[in-house]
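Asker: need a structure here:
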Amino acid sequence: MENRKALIVIDVQIGMFDPNYPIFKEKELLEKIKNLISKARSIGTQVIYVQHNESVGEPLETRKPGWEIHPNIQPTEGDVIVQKTTPDSFHMTILQEELEKRSINELIITGLQTDMCIDATCQRAYRNGYKVTLVSDAHSTMDSNNLLAKEIIDNHNNELKRFANIKESREVFI
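Answerer: As a prediction, the model looks like this:
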């Protein structure tokens, strides 16, 4: 069967970029994701944005400014936007249906937060039978109480090898 790919961009929303809780290498992250989106579109790979919805008063409160997808990587016509309320991008969403509708069998995963939604979505995609590629330098998080963001990212790139191919952004779409 032919590999039909989709680039999955998870939770890259304005409310995630809070200067009080800085995203590790946020400028580089946005640039790498923007370049991946551009490459994907240029070769006809489906781009799917996953947008987290939080309740009233939260940074990603639905339909408030923080909920919007980051302006550096805006969706265009033909892109799919999936709404979610849990870390797993498949749980109670239309993601599976959208992938099946397009006969997609390989997911290239980028976005936020490494230790939450990236982790949960990589594992679920693998369990759902997808070939998964995690773009090692195109997902990020912020420092936790115990670990620096870089440590969290490195640990997850290592741990998620069980569920995904780990590639740098320059190795994707070549």
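Asker: okay, helices next: where are they in this structure?
Answerer: Secondary structure of the chain (DSSP state H): helices at 26-42, 95-101, 119-127, 149-159.
Asker: hmm, who's touching the longest one?
Answerer: For helix 26-42, the surrounding residues in contact (Cβ atoms under 8 Å, 6 or more residues apart in numbering) are 5, 7, 9, 12, 17, 23, 45-47, 70, 72-73, 76, 108, 110-111, 135, 137-140, 169, 172-173. The way it works is simple: take the backbone N, C-alpha and C, and place the C-beta from them, glycine included.
Asker: list buried residues within those residues.
Answerer: Listed as buried from the contacts of helix 26-42 are 5, 7, 9, 12, 17, 23, 45-47, 70, 73, 108, 110-111, 135, 137-140, 169, 172-173; burial here means 16 or more other Cβ atoms under 10 Å.
Asker: what about the residues you listed, which are in strands?
Answerer: Using DSSP state E, 5, 7, 9, 46-47, 108, 110-111, 135, 137-140 are the members of these that sit in strands.
Asker: and the furthest pair within those?
Answerer: The span of those, defined through Cβ to Cβ, is set by 46 and 140 at 22.8 Å.
Asker: comparing the helices of the chain, which comes out most buried?
Answerer: helix 119-127 (a mean of 20; mean count of other Cβ atoms under 10 Å).
Asker: now for it, which elements pack on it?
Answerer: strand 106-112, strand 131-140 (3 or more Cβ pairs under 8 Å, 6 or more residues apart in numbering; DSSP states H and E).
Asker: how big is the angle separating that helix from strand 5-10?
Answerer: If you take axes from the mean of the first three to the mean of the last three Cα atoms, to 10 degrees, helix 119-127 sits at 160 degrees to strand 5-10.
Asker: please state the offset of helix 119-127 from the chain centre?
Answerer: 11 Å (Cα atoms, centre = their mean, to the nearest Å).
Asker: ok, residues contacting it?
Answerer: In this structure, residues lying in contact with helix 119-127 by Cβ under 8 Å, 6+ apart are 8, 10, 50, 86-91, 107, 109, 132, 134, 156, 160, 163-164.
Asker: give the PyMOL command for selecting the buried subset of those.
Answerer: One line in PyMOL is enough to select the buried members of these, burial here meaning 16+ other Cβ under 10 Å:
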select buried, resi 8+10+50+87+88+89+90+107+109+132+134+156+160+163+164
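Asker: of the ones in strands among the buried ones among the contacts of helix 26-42, closest to residue 61?
Answerer: Nearest to residue 61 out of those is residue 111 (Cβ to Cβ; 18.9 Å).
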